[in-house]
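Peer 1: Have a look; sequence and predicted model below, questions after that.
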Amino acid sequence: MSSQEWVRAHYNKYEYRIPMRDGAKLFVSVLEPQPGAFKDHGPYPFLMQRTPYSCGPYGEDQYPRAATYSDELATAGYIFVCEDVRGRYQSQGTFAEMRPHIDEKKSPKDVDDSSDMYDTVEWLLKHIPNNNGRVGITGISYPGFFTSASIIDSHPAIKAASPQAPMTDLFLGADDAYHGGGFMLAANFGFYTGFVPQKNPIEITAERPDRFRYGTNDMYEFYLHAGNLAAMNAMLLKQGETLFTDQMVHSTYDSYWQPRSLQNHMRNVKTPVMTVGGWFDAEDLTGPLMTFHAIDKFNPELGASNTVVVGPWVHGGWARSDGDHLGDVTFGAKTGEFFRKEIQFPFFEHYLKDAPSQPLPKAYVFETGTNAWRKYDQWPPKPAEAKTLYFHPNGTLSFDAPTGSGKDEYVSDPAHPVPFVSYTTDTVPQRYMDDDQRFAGRRGDVLVYSSAPLTEDVTIAGPISPKLHISSTGTDSDFVVKLIDVYPYDYPNPAAADPAQGKRILGDAPLLIGGYQQLVRGEPFRAKFRNGLTEKPVALKPGEVTAVNFTMPDVNHTFRKGHRIMVQVQSSWFPLVDRNPQTFTDIPNAKPEQFVKATETVYTGSANPSGVEVLVMPQR
C-alpha cells in the first residue's frame with residue numbers, strides 16, 4: 001500500500017472555505033480519522049499547518065501523499081488541517097510577504113495572520129465533529145513564520161505550537177534575504193523564479209508558470225556574468241510579475257523590513273511553544289533562536305513551556321531525513337528520527353491529549369564534534385565564558401592577546417570572487433554549511449589563522465562575534481569570517497564502501513579526511529553597516545583604520561583534543577552573497593566601472609587587535 005493509499009484508507013477528506021472577519025474566505029483541507037481507523041476513537045485534537053505553498057491536491061477525492069511529515073503523528077489520531085494563507089492558491093484576499101502584524105486592530109478590516117488563525121480556529125471548533133476542543137499548529141520555513149504569527153494574541157483553544165525554521169527578521173537575522181547587510185543572492189534569485197504573485201483563487205487546473213532557464217548548470221558562471229542585481233531582476237520581470245524586486249531594492253533596514261520583524265510582536269502567546277531549528281540551516285538559521293528569545297522576553301509567564309530544540313540539521317532536515325550526516329561530516333546517530341519520535345511526538349501528545357511526558361528542557365541542543373544531545377536551563381548556557389581567539393602574525397590563532405604590531409593584506413577582486421564551494425553546482429547545496437574549506441585557504445585573497453593542535457577539548461556554545469580592525473583602499477567592502485574545525489592529519493578515512501561517506505559528491509575518488517577543514521560557522525558582513533545594521537550606511541575612508549564588529553549565528557560545537565581551530569577571512573563568498581563593488585554606492589544598480597579591486601588590510605597588533613569572540617564552556 002502506498003502512503004497515499006494509506007491516507008485514503010484511514011482518513012476522510014473534506015474541503016471548506018472559511019469566512020474571515022473582513023469577508024475574505026480562506027481555503028482549508030481537512031483530514032478526519034475514519035471511524036475505527038485508530039485505537040483512539042476520539043474526540044481528536046486539531047493539528048494545523050498554514051502555508052503559502054498550496055494545500056493541494058484539490059478536490060475531496062484527491063488525497064495528499066502523506067497526512068503529515070511525521071509517521072508517529074499520522075498514526076496516532078489527529079484531525080489534520082491545511083490552510084492556504086490569504087491570497088495564495090484557493091484562498092481569497094491579497095498576499096503580502098511576511099504580512100506585518102497589527103498590534104491594535106481598530107476594525108474588521110484590520111486583518112493579519114493572527115486574526116486569520118483566530119477566525120479559522122473559531123470556525124473549526126464549531127463545524128468539525130468529534131474534536132476535543134484543542135488545536136496545535138506547526139510548520140517549517142514560511143509555514144514556520146505563519147505558526148509564529150498565528151500564536152500572537154493566541155486563541156485560547158491553541159494548546160501547542162511548534163514554529164520550525166521560522167522566518168523572523170529577513171534583514172537583521174541571518175535568514176533568507178540578508179546576512180550582515182549582504183544579499184543572499186543565489187538562494188533568493190532561485191526561490192523567486194518559482195514563488196511568484198498569484199490572482200486568487202487560482203484555477204485548480206491552471207498550469208504552473210515555466211521555470212526560469214539559467215542556460216547553464218554552473219551557478220558561479222551564471223551569476224558572475226548576469227550583471228548587477230537590477231539586471232537579474234529584469235530577467236525575472238520578462239517572465240511576469242516577481243517578488244524578487246522587493247527583496248533586492250530594500251537593501252537597508254527601512255520601512256519595508258521594520259514592520260516585518262516578527263520578533264517585536266510576539267506578545268500574548270498563551271500556549272506552550274517548542275521552536276525548532278538546525279545548526280546547518282542554510283535558509284532560516286537565526287529565526288528559531290530569535291523567536292525563542294522573543295517569546296521569552298514578552299511572555300515570561302510561559303517559563304519552561306517555551307523551549308528551543310536545535311539539531312545538526314539542514315533546512316527541515318529533522319522532518320525529512322535521518323539526520324545522521326551532512327556531506328562528509330557524520331553525527332553518529334539518526335538525529336532526525338530521534339527528534340520525531342522522542343521530542344516532537346511526545347510534545348503534541350502531551351499538550352493536545354494529556355499523554356504523560358517528560359518535561360522538555362529550556363534548550364535541547366545537539367553538540368557537534370562530540371555528537372551528543374545536551375540539555376540546558378537557558379541558552380546560551382549560563383556557564384559559558386566569553387573569550388577571544390586573537391589573530392597573530394604568521395597566521396597563528398590563540399586565546400592570548402597579541403603583543404607588538406602586525407597586519408595582513410590581500411587584494412579582493414569582484415571580477416574573481418572567492419567561491420563558497422569547491423565544486424560546480426546549479427543550486428545552493430545544503431552541505432556547504434559544514435563543507436571542507438581547504439580550497440579557500442589556498443587562494444591569495446583569503447587570510448588563514450590557525451591554532452596549535454588542542455591539548456584538550458574546547459566547546460563553544462552561543463553566538464560568534466568577530467571583532468576586526470581593518471582598512472581598505474575601497475569605500476565599501478565585505479568581510480566574510482569563517483570558524484573552522486581542522487581535523488588531525490592522521491584522522492581515519494571513512495569506509496570507502498559507504499557511498500554516502502566514502503566518496504566525494506563528484507567522481508569516484510575516496511575522501512581523504514585527514515586535515516579536513518570543517519566549516520562550523522561562516523557569515524559575511526558589509527562594512528558600510530559597521531555602525532549598526534539599523535543605522536544609515538557609512539562609506540569607508542580609504543586607508544583609515546576602523547573597527548568592524550558583528551555577530552554571527554550561534555553554534556554548539558566541540559573542537560576535540562588534537563584538532564585545531566581555524567579562522568579564515570575573505571571579502572567575497574560567491575554566488576552565495578552578491579558581489580560588493582567595493583565602491584560605496586547603491587549596490588543593486590552599481591555600474592560595471594564601479595566594481596573595482598581593493599586592497600584589504602586586517603590588523604593583528606596590540607594597538608588594533610583583531611579576533612573572534614566566542615563563548616567557551618568549562619571542561620566537563
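Peer 2: That came in fine, so what should we check first? In this text the structure is predicted, and so the values were computed from the model without any measurement.

Peer 1: Remind me which helix or strand Y223 belongs to.
Peer 2: Element membership for Y223 (DSSP states H and E) is helix 219-225.

Peer 1: pull the CA atoms of that helix into PDB?
Peer 2: Output in PDB follows, covering the C-alpha atoms of helix 219-225 (Å, rounded to 0.1, in the frame of the first residue of the first chain):
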ATOM      1  CA  MET A 219      25.800  28.900 -11.000                       C
ATOM      2  CA  TYR A 220      29.100  30.700 -10.400                       C
ATOM      3  CA  GLU A 221      29.500  31.400 -14.100                       C
ATOM      4  CA  PHE A 222      25.800  32.400 -14.400                       C
ATOM      5  CA  TYR A 223      25.800  35.000 -11.600                       C
ATOM      6  CA  LEU A 224      29.300  36.300 -12.500                       C
ATOM      7  CA  HIS A 225      28.100  37.300 -16.000                       C
END
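
Peer 1: Sketch out the helices for the stretch 301-450 of the chain, chain order is fine.
Peer 2: Ranges of helices in the stretch 301-450 of the chain, per DSSP state H, counting those that start in this stretch, are 317-320, 335-338, 345-353, 438-441.

Peer 1: mind putting these in TSV, distance to P588, mean pLDDT and mean neighbour count included?
Peer 2: Any C-beta I mention is one placed from the backbone N, CA and C, and that applies to glycine too. Putting these into TSV (distance: least, CB to CB, whole Å; pLDDT from 0 to 100; neighbours: other CB atoms under 10 Å) gives the following:
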stretch	distance to P588	mean pLDDT	mean neighbour count
helix 317-320	32	95	21
helix 335-338	38	98	20
helix 345-353	43	98	21
helix 438-441	27	98	18
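
Peer 1: Can I get those in JSON lines including distance to Y16?
Peer 2: Output for those, formatted as JSON lines (distance: least, CB to CB, whole Å):
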{"stretch": "helix 317-320", "distance to Y16": "26"}
{"stretch": "helix 335-338", "distance to Y16": "33"}
{"stretch": "helix 345-353", "distance to Y16": "21"}
{"stretch": "helix 438-441", "distance to Y16": "53"}
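
Peer 1: So which of these is nearest F292?
Peer 2: With CB to CB as the criterion, F292 lies closest to helix 345-353 of the helices of the stretch 301-450 of the chain, at 14.5 Å.

Peer 1: helices or strands next to the closest one in the packing?
Peer 2: If you count contacts as 3 or more CB pairs under 8 Å, 6 or more residues apart in numbering; DSSP states H and E, helix 345-353 packs onto strand 44-51, helix 71-74, strand 131-140, strand 158-164.

Peer 1: Quick one: closest of those to G277.
Peer 2: Among those, strand 158-164 sits nearest to G277 (CB to CB), with 7.5 Å.

Peer 1: From the contact counts, what lies against that closest one?
Peer 2: Against strand 158-164 (3+ CB pairs under 8 Å, 6+ apart) you get strand 131-140, helix 142-150, strand 273-278, helix 287-298, helix 345-353.

Peer 1: Any idea which of these gets closest to V446?
Peer 2: Comparing these by CB to CB, strand 273-278 comes nearest, at 26.5 Å.

Peer 1: between the closest one and helix 287-298, how big is the angle?
Peer 2: 150 degrees (axes from the mean of the first three to the mean of the last three CA atoms, to 10 degrees).

Peer 1: strands paired with strand 273-278, and their directions?
Peer 2: Using DSSP bridges, strand 273-278 pairs in its sheet with strand 158-164 (parallel), strand 306-311 (parallel).
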